[in-house]
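*Asks:* Fold the following.
(2 chains)
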Amino acid sequence: MITLRSRDTSSAVQGEADQYNQMIVSAQGAKFQEAVLDGRMFSVANATKVATTAGVTTTWTGLAISNPTGSGKNVIVHEFGYALMIAAVVAAGNDALVGLQTASIATPVSALTKQNCLDGCSADSSVVYADDGATLVGPVLKKMLSSLGEEDTATGLFPAPPSVYRPNGALILPPGRTVATYTTLATTACLVFHFVWEEIDE
Amino acid sequence: MIVLRKRSTGSPVQGEADQFNQMVVSAQGANLQEAVLDGRVFSAANATKVAQTAGITAAWTGLGIANPAGSGKNLIIHEFGYALMIASDVAGLIGLMTAPVGDMADNLTKYNALDGEATTSSIAYADDGATLGTPVLKRILSSAGTEAMDTNLFPAAPQIYYPEGSLIIPPGRAVATYFTLASTACFVFHFVWEEIDE
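*Replies:* Residues are numbered from 1 along each chain as shown, chains lettered A, B, ... in the order given. So this is what the prediction gives:
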């Protein structure tokens, strides 16, 4: 028998099973809090609106995070957020899809400031490079998330639930790989993005 | 072998594994209920609509939660909600920024998530305007326009962001609302947070 200590009475109690012989547990707390307190989680956002390039392209702008070759870490992408700061102006059409592509970057650079999710603490232990423009190598579209048109944000737009995608572990970057924003068509500077990720040993 | 007591019969049964040899469990209950019953979870909201300051700015208004220096606690931000009470006069992006506490003070009423209980144990400050330290934009959540709300607006899904533990405020730091442009009073916000020992 599994014996536990009752939080209420301090007495010994037996761990229990349900009708399917599955142990009944109570999962408490926020799922990333221990990783954050352990200093393994970081974030980055564009400081202001950015122009995006068209489709799966090597000469790219938006927001990306890269796990450099030889880092010894895997990067679990936990969260991706996107929103319009002003109305989108699409270069060659009237609508676009927002998504994520993965690739490698020959020589990634850390052009944007990363932030520790334990707010205000150093992000020096992070191996990731964050950038808003680079030359991608072999990009592949991986996630289709939303669509946007050219509707003027001054009309027709009410606040919506957060435009936040959580891969739930289904997007992990090993060393040498990059995840980058994707839009079908080039846009003028209108979108802002953020990523939240965890860095674990390979 | 792990032996459990079957709740329905009281008899001993063996804990079981799935095809990947992972123990199968049944996770019950809401993930914050124990923290709430323990008196560690609090909330704050604007009492009415508030004006927004423009962008990443130190002289700020909206809704913020501060963890004063030396508190001995970390604040886990569990929930952030936002909605328009009346139409906004400007269009912009809704987000969250963090900053050193600056001169934030305990100006708004906090509430215990165990409803009606005291908040005397809470060390957080809730404020709707202050001069922050240098803020940084951290989360990009949604956009708002100036569409009149008396037409074309139906209730939407709750506009709530759950950081799931990915936003923790240590002593001396604060989280505050962000909007791209200065607006007249139109938005109302809420935060839910947990206070744990450092």
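
*Asks:* from memory residue B:3 sits against residue A:2, does it?
*Replies:* Yes - contact criterion CB atoms under 8 Å: residue B:3 and residue A:2 qualify, at 6.8 Å. Where you see a C-beta, it was placed from the backbone N, CA and C, and this is true even at glycine.

*Asks:* got any residues that touch both of the two?
*Replies:* Contact criterion CB atoms under 8 Å, 6 or more residues apart in numbering or on different chains; residues shared by residue B:3 and residue A:2: residue B:15.

*Asks:* Could you pull out the helices in chain B for me?
*Replies:* Using DSSP state H, the helices assigned to chain B run over residues B:33-37.

*Asks:* actually chain A, sorry about that
*Replies:* Going by DSSP H, chain A shows helices at A:33-37.

*Asks:* Where does pLDDT dip in it?
*Replies:* Along chain A, the model assigns pLDDT under 70 to residues A:91-95, A:150-156.

*Asks:* so how far is the longest strand seen in it off the chain centroid?
*Replies:* Assignment by DSSP state E gives strand A:129-149 as the longest strand of chain A. Its chain's C-alpha centre and that of strand A:129-149 lie 12 Å apart, by CA atoms, centre = their mean, to the nearest Å.

*Asks:* Which secondary structure elements does that strand sit against?
*Replies:* strand A:59-67, strand A:73-84, strand A:95-105, strand A:177-183 (3 or more CB pairs under 8 Å, 6 or more residues apart in numbering or on different chains; DSSP states H and E).

*Asks:* can you do 6 Å?
*Replies:* Where contact means 3 or more CB pairs under 6 Å, 6 or more residues apart in numbering or on different chains; DSSP states H and E, strand A:129-149 is packed against strand A:59-67, strand A:95-105.

*Asks:* residues in contact with the lengthiest strand in chain B?
*Replies:* Looking across chain B with DSSP E, the single longest strand is strand B:183-197. Strand B:183-197 has contacts (CB atoms under 6 Å, 6 or more residues apart in numbering or on different chains) with B:35, B:40-41, B:43-46, B:49-52, B:63, B:65, B:73-82, B:84-86, B:88-90, B:177.

*Asks:* which residues touch residue 50?
*Replies:* All of this is about chain A. Residue A:50 touches A:132, A:189, counting by CB under 6 Å, 6+ apart.

*Asks:* ah, I was thinking of chain B
*Replies:* Residue B:50 makes contact with B:62, B:128, B:185, according to CB under 6 Å, 6+ apart.

*Asks:* among those, who's most crowded?
*Replies:* Per-residue neighbour counts (other CB atoms under 10 Å in any protein chain shown) across the contacts of residue B:50 peak at residue B:62, which has 24 neighbours.

*Asks:* how about that residue, what does it touch?
*Replies:* Counting by CB under 6 Å, 6+ apart, residue B:62 touches B:50, B:52, B:176, B:177.

*Asks:* Let's have these in a markdown table, adding pLDDT.
*Replies:* Shown next, in a markdown table, are those (pLDDT from 0 to 100):
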| residue | pLDDT |
| --- | --- |
| B:50 | 96 |
| B:52 | 94 |
| B:176 | 98 |
| B:177 | 97 |
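
*Asks:* So which of those is the closest to residue B:9?
*Replies:* For these, the residue nearest residue B:9 by CB to CB is residue B:177; the value is 52.7 Å.

*Asks:* Kindly state the beta-bridge partners for that closest one.
*Replies:* Per DSSP bridges, the residues bridged to residue B:177 are residue B:96.

*Asks:* just to revisit the earlier point, among the contacts of strand B:183-197, which are in strands?
*Replies:* Taking DSSP E as the definition of strands, these contribute B:41, B:43-45, B:50-52, B:63, B:65, B:73-82, B:84, B:177.

*Asks:* Contacts for stretch B:33-42 next, please.
*Replies:* Against stretch B:33-42 from outside (CB under 6 Å, 6+ apart): A:28, B:32, B:110, B:112, B:113, B:114, B:119, B:122, B:194, B:195.

*Asks:* hmm, who's touching stretch A:160-179?
*Replies:* The list of residues contacting stretch A:160-179 from outside it, by CB under 6 Å, 6+ apart, reads A:64, A:66-67, A:69-71, A:74-77, A:79-83, A:100, A:102-105, A:145, B:141-142, B:157, B:159, B:161.

*Asks:* among these, which ones are buried?
*Replies:* For the contacts of stretch A:160-179, a burial check counting by 16 or more other CB atoms under 10 Å in any protein chain shown picks out A:64, A:66-67, A:71, A:74-77, A:79-83, A:100, A:102-105, B:141-142, B:159, B:161.

*Asks:* hmm, the worst-scoring helix or strand of chain B on mean pLDDT in reach of chain A?
*Replies:* Between all helices and strands in chain B, the lowest mean by mean pLDDT, DSSP states H and E belongs to strand B:25-27, at a mean of 89. Yes - for strand B:25-27, a contact with chain A is found by CB under 6 Å from any CB of the partner chain, at B:25, B:26, B:27.

*Asks:* ok, the closest residue to the last one other than its chain neighbours to residue B:65 distance?
*Replies:* Excluding its sequence neighbours, the residue lying closest to residue B:27 (CB to CB, 6 or more residues apart in numbering or on different chains) is residue A:27, at 4.3 Å. As for residue A:27, its distance to residue B:65 is 25 Å (criterion: CB to CB, to the nearest Å).

*Asks:* The two - which one has more neighbours?
*Replies:* residue B:65 (25 against 11).

*Asks:* Find the nearest non-adjacent residue to residue 46, please.
*Replies:* Because you didn't say which chain, this covers chain A. Excluding its sequence neighbours, the residue lying closest to residue A:46 (CB to CB, 6+ apart) is residue A:192, at 4.9 Å.

*Asks:* please go with chain B instead
*Replies:* Once flanking residues are discounted, residue B:46 sits nearest to residue B:188: 4.8 Å by CB to CB, 6+ apart.

*Asks:* Tell me the confidence at that neighbour?
*Replies:* Residue B:188 carries a pLDDT value of 93.

*Asks:* just the one 5 residues further on next, same as before
*Replies:* Each residue has a pLDDT score; the one for residue B:193 is 97.
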